[in-house]
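K.L.:
predicted coordinates and the sequence they were generated for:
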Amino acid sequence: MTTVHTLNPMADLATDVDDVARLLTPAGERVVDPDLQQWIEDVDIAAIQRLYRDMVLLRRIDAEGVALQRQGQVGLWPPCQGQEATQIGTARALRADDFAFPSYRETGVVYARGGKPSDYVLAWRGEGHSTYNPYELHTATQQIIIGAQSLHAVGYAMGVQRDGGDQVAAAYFGDGATSQGDVNEAMVFASSFGAPVVFVCTNNQWAISEPVSVQARFPIAGRAPGFGIPSMRVDGNDVLACLAAMRWAIDHARKGRGPAFLEAVTYRMGPHTTSDDPTRYRDKEEVEIWRRRDPIDRVEALLRAEDAFDDGFVAEVAADADALAAEVRQAAMGAVTRPPLSIFDDVYAEPHSGIDEQRAAYAAYLDGFAATQEG
Amino acid sequence: MVQLTMAKAINEGLRRAMADDPKVLVMGEDIGKLGGVFRVTDRLQEEFGATRVIDTPLAESGIVGTAVGLALRGFRPVVEIQFDGFVYPAFDQIVCQVAKLHYRTRGNVRMPLTIRIPWAGGVGAAEHHSESPEAYFVHTSGLRVVAVSNPQDAYVMLRQAIASDDPVVYFEPKRLYHTKAEVHLDVDPADAPPMGLARVAREGTDVTVLTYGAQVITALDAALAAEEDGISLEVIDLRSLSPVDYRTIGASVRKTGRVVVTHEAAREAGVGAELVASVTERCFHYLETPPVRVTGHDIPYPPAKLEKHHVPDLDRVLDAVDRVLDRPNSLTGVEL
């Protein structure tokens, strides 16, 4: 496996995107990786078609989100174009009862966990902070505070240990998050307690305008061994590598061997969010280089080479994407905002006199308008 | 009924809560074999094992953040922040995560965390060991904030905090850890007065003194001294800072018409400011004179040898009583 802890610590390889484990080249050719190979023996062409379909659908959801923001239907959208292989590949390796802790950009993880895009588009519209029940999807609500969820994942995994369960927690965060104390504390706790958690660092090269070189002088996967956590650096645009590596990491954690760490080296093709202008801080040439490494194109090339990309399949996937996009659009356009007094709901689980008083006062205030209109 | 120090009462509260509910966990720095730097968790690890009494790495955000995950998994963690001044590294997790997860998930996720904080000064401690950060947490919706002042409340309110489905920041005044009092251990926490209710610690008719934590003792001492001058102080131990029990406060203010608030935290935007504003809004027509605050100064906590000038003592409380009574011997009346 491509662990990097044997490298010279002065190596300036944080940005060497080709020092990764890979099963599928950017041209769509399969290559053998001695460590990863065993984890995808069962992945046949039909399974690869399913991964392809997931990625295309995710890209479509994402494009719809961006379009809805441009049309003023959602307030903000964090695009994940380019990161489909990382999100789908890793999330598809999880068991339904494992627990994922995604960040705000992991649209694909939530989708893969069974989240309805038509629900969670409402969060970005501002209808609710979270629009799914974490316990139904076994997926925590998407985290906005950078890296905070990594500790939640470790705590959850510590709970699994105490319950005698065999679930695994998966903590997703970006390259910028590795500078945060919480991510480092999470690795200390996970390692010290041998918690069944997998850290998935999506290195998409940019934390808003700050390149990964501001966060790391050394490949991020190289840090984990220092915490006593085995790690792997994979091509984040290679869905097979992401799936295989995640299966390795999950297996390691599930067998009680403690945490594991993945760095998926990928690229955020769009802006940080729809409020951001990446042309101010990065070159067109760089984006073009990554466009040629597109995670979906390379699976398409593979499927074509295997004669598994016929018109029927393409039309079916396109129809599914259209339907999903329509659902997302309809959900946003048809959203019904909750009644005003619902802002006071769920602040506490039990009655709180301060909130109860303010709710009553605001209700009386609103009733005053109704009375005026009636009069 | 037994005589217990506050530290022992809290220890017994933890022990019984853990014995009653296998989902209750205790975690923090040095709480296992050492039993905590104040020995509050003494012998709990021996009794319940290292998976339920967890010695954590030295990382406060890590302690609270992993407790969030444990709560998500169905546990009821009780975390110990070793000293008040060490809670700041955990502030983000408490304020952004613990306080908001129930709201964020529209009630699907509960956060039954209890965050115990040995709190405030008067014990001659080093820098960062005598802070009064309560206002930060009171200002944060989603948290309940309580402060105890005696062993009986410490025992009962801790058990109520652990039983609560809401996160509770539980302040333990360090300078009362070793004061003893009678404790009924067999009282059912569900039947005892809820932790959101204030307690009239002493009845009186002339001035209402609002306070909490160790300052309750100072206020009671002031009441004894005032009595010699023929002045009757009613001392209210708030017990809960979020929510505040304005019903009990209001009843007292309607009776006395005069209010002194005392706490050792700094004055600016402190709990006292909120109490004065709320009492004024609610009870203006019952007030004979403007309420007065007696607080710590707006300074970083001073070195131990000078802390007696920061923490309000009996004389400063009595001086404030003179002010609200318009008595001529007040030293600190300030004209704006």
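P.N.:
Arrived safely. Numbers count the residues shown, from 1 in each chain, chains lettered A, B, ... in the order given.

K.L.:
where in the chain is pLDDT low?
P.N.:
Assuming you mean chain A. Low-confidence segments of chain A, defined by pLDDT under 70: A:1-14, A:374-375.

K.L.:
not what I meant, chain B
P.N.:
B:328-336.

K.L.:
and the nearest residue in space to A:M187 that is not next to it in sequence, what is it in contact with?
P.N.:
Excluding its sequence neighbours, the residue lying closest to A:M187 (C-beta to C-beta, 6 or more residues apart in numbering or on different chains) is A:F227, at 4.2 Å. Just so you know, the C-beta spots here come from the backbone N, C-alpha and C atoms, and that holds for glycine as well. The contact partners of A:F227, by C-beta atoms under 8 Å, 6 or more residues apart in numbering or on different chains, come to A:M187, A:V188, A:A190, A:S191.

K.L.:
helix or strand next in line after whichever strand or helix holds the last one, which one?
P.N.:
With the criterion set as DSSP states H and E, the secondary-structure element containing A:S191 is helix A:181-193. Toward the C-terminus, helix A:181-193 is succeeded by strand A:197-203 as the next helix or strand (DSSP H and E).

K.L.:
flag every buried residue along stretch B:180-199.
P.N.:
Buried residues in stretch B:180-199, counted by 16 or more other C-beta atoms under 10 Å in any protein chain shown: B:A181, B:V183, B:P189, B:A192, B:P194, B:M195, B:G196, B:A198, B:R199.

K.L.:
any chance of those residues in JSON lines, plus secondary structure and distance to chain A?
P.N.:
Below are those laid out as JSON lines (DSSP: H, G, I helix; E, B strand; the rest coil; distance: C-beta to the nearest C-beta, whole Å):
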{"residue": "B:A181", "secondary structure": "strand", "distance to chain A": "28"}
{"residue": "B:V183", "secondary structure": "strand", "distance to chain A": "25"}
{"residue": "B:P189", "secondary structure": "coil", "distance to chain A": "14"}
{"residue": "B:A192", "secondary structure": "coil", "distance to chain A": "16"}
{"residue": "B:P194", "secondary structure": "coil", "distance to chain A": "9"}
{"residue": "B:M195", "secondary structure": "coil", "distance to chain A": "11"}
{"residue": "B:G196", "secondary structure": "coil", "distance to chain A": "7"}
{"residue": "B:A198", "secondary structure": "coil", "distance to chain A": "11"}
{"residue": "B:R199", "secondary structure": "strand", "distance to chain A": "16"}
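
K.L.:
reformat those residues as TSV; add distance to A:V66.
P.N.:
Formatted as TSV, the buried residues of stretch B:180-199 follow (distance: C-beta to C-beta, whole Å):
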residue	distance to A:V66
B:A181	64
B:V183	62
B:P189	52
B:A192	56
B:P194	49
B:M195	48
B:G196	47
B:A198	53
B:R199	57
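
K.L.:
how about the residues of the stretch 201-336 of chain B by chain A?
P.N.:
The stretch 201-336 of chain B comes close to chain A at residues B:S242, B:P243, B:V244, B:D245, B:Y246, B:R247, as judged by C-beta under 8 Å from any C-beta of the partner chain.

K.L.:
which neighbouring elements make contact with the helix holding A:S191?
P.N.:
Packing contacts for helix A:181-193, counted by 3 or more C-beta pairs under 8 Å, 6 or more residues apart in numbering or on different chains; DSSP states H and E, involve helix A:148-163, strand A:197-203, helix B:60-72.

K.L.:
go through stretch B:301-317 and flag the buried ones.
P.N.:
Buried positions in stretch B:301-317, judged by neighbour count with 16+ other C-beta under 10 Å: B:Y301, B:P302, B:A304, B:E307, B:H310, B:V311, B:P312, B:D313, B:L314, B:R316, B:V317.

K.L.:
what does that stretch rub up against?
P.N.:
B:120-122, B:124-127, B:130-132, B:209, B:215, B:218-219, B:221-222, B:225, B:260, B:262-264, B:294-297, B:299.

K.L.:
if we can go back for a sec, want to try a markdown table for the buried residues of stretch B:301-317, with secondary structure as columns?
P.N.:
Below are the buried residues of stretch B:301-317 laid out as a markdown table (DSSP: H, G, I helix; E, B strand; the rest coil):
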| residue | secondary structure |
| --- | --- |
| B:Y301 | coil |
| B:P302 | coil |
| B:A304 | helix |
| B:E307 | helix |
| B:H310 | coil |
| B:V311 | coil |
| B:P312 | coil |
| B:D313 | coil |
| B:L314 | helix |
| B:R316 | helix |
| B:V317 | helix |
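
K.L.:
farthest-separated two in these?
P.N.:
For the buried residues of stretch B:301-317, the maximum inter-member distance is 21.8 Å, found between B:A304 and B:V317 (C-beta to C-beta).

K.L.:
show me where the stretch 101-250 of chain B has strands.
P.N.:
Per DSSP state E, counting those that start in this stretch, the stretch 101-250 of chain B carries strands over the ranges B:114-119, B:144-147, B:168-173, B:180-183, B:199-202, B:207-211, B:233-237, B:240-242.

K.L.:
out of those, deepest packed?
P.N.:
The highest average neighbour count among the strands of the stretch 101-250 of chain B, using mean count of other C-beta atoms under 10 Å in any protein chain shown, belongs to strand B:207-211 at a mean of 30.

K.L.:
for that strand, packing partners?
P.N.:
helix B:215-228, strand B:233-237, helix B:246-256, strand B:259-266, helix B:271-283, helix B:314-324.

K.L.:
at 6 Å what do you get?
P.N.:
In terms of contacts (3 or more C-beta pairs under 6 Å, 6 or more residues apart in numbering or on different chains; DSSP states H and E), strand B:207-211 is packed against strand B:233-237, helix B:246-256, strand B:259-266.

K.L.:
how near is B:T66 to B:A265?
P.N.:
Distance, B:T66 to B:A265, by C-beta to C-beta, to the nearest Å: 29 Å.

K.L.:
who's more crowded, those two?
P.N.:
B:T66 (34 against 24; other C-beta atoms under 10 Å in any protein chain shown).

K.L.:
what sits against the more buried one?
P.N.:
By C-beta atoms under 6 Å, 6 or more residues apart in numbering or on different chains, the contact set of B:T66 is A:L151, A:V154, A:G155, A:F189.

K.L.:
same deal with A:V43?
P.N.:
By C-beta under 6 Å, 6+ apart, the contact set of A:V43 is empty.

K.L.:
so how far is B:A99 from it?
P.N.:
A:V43 sits 43 Å away from B:A99, going by C-beta to C-beta.

K.L.:
equivalent analysis for B:L70, please.
P.N.:
17 Å.

K.L.:
which one of the two has more residues nearby?
P.N.:
Neighbour count, other C-beta under 10 Å: between B:L70 and B:A99, B:L70 has more, with 27 against 24.

K.L.:
that one and A:A157 touch, don't they?
P.N.:
No - between B:L70 and A:A157 there is no contact under C-beta atoms under 6 Å: 9.5 Å.

K.L.:
hang on, A:E357 in a strand?
P.N.:
No - according to three-state DSSP, A:E357 belongs to no strand; its state is helix.

K.L.:
measure it to chain B for me?
P.N.:
According to C-beta to the nearest C-beta, to the nearest Å, A:E357 and chain B sit 8 Å apart.

K.L.:
B:V68 reaches B:K100, doesn't it?
P.N.:
No - at 10.6 Å, B:V68 does not count as touching B:K100 under the criterion of C-beta under 6 Å.

K.L.:
what is the burial count for A:R53?
P.N.:
17.

K.L.:
do the one 4 residues further on as well
P.N.:
Counted by other C-beta under 10 Å, the residues lying close to A:L57 total 22.
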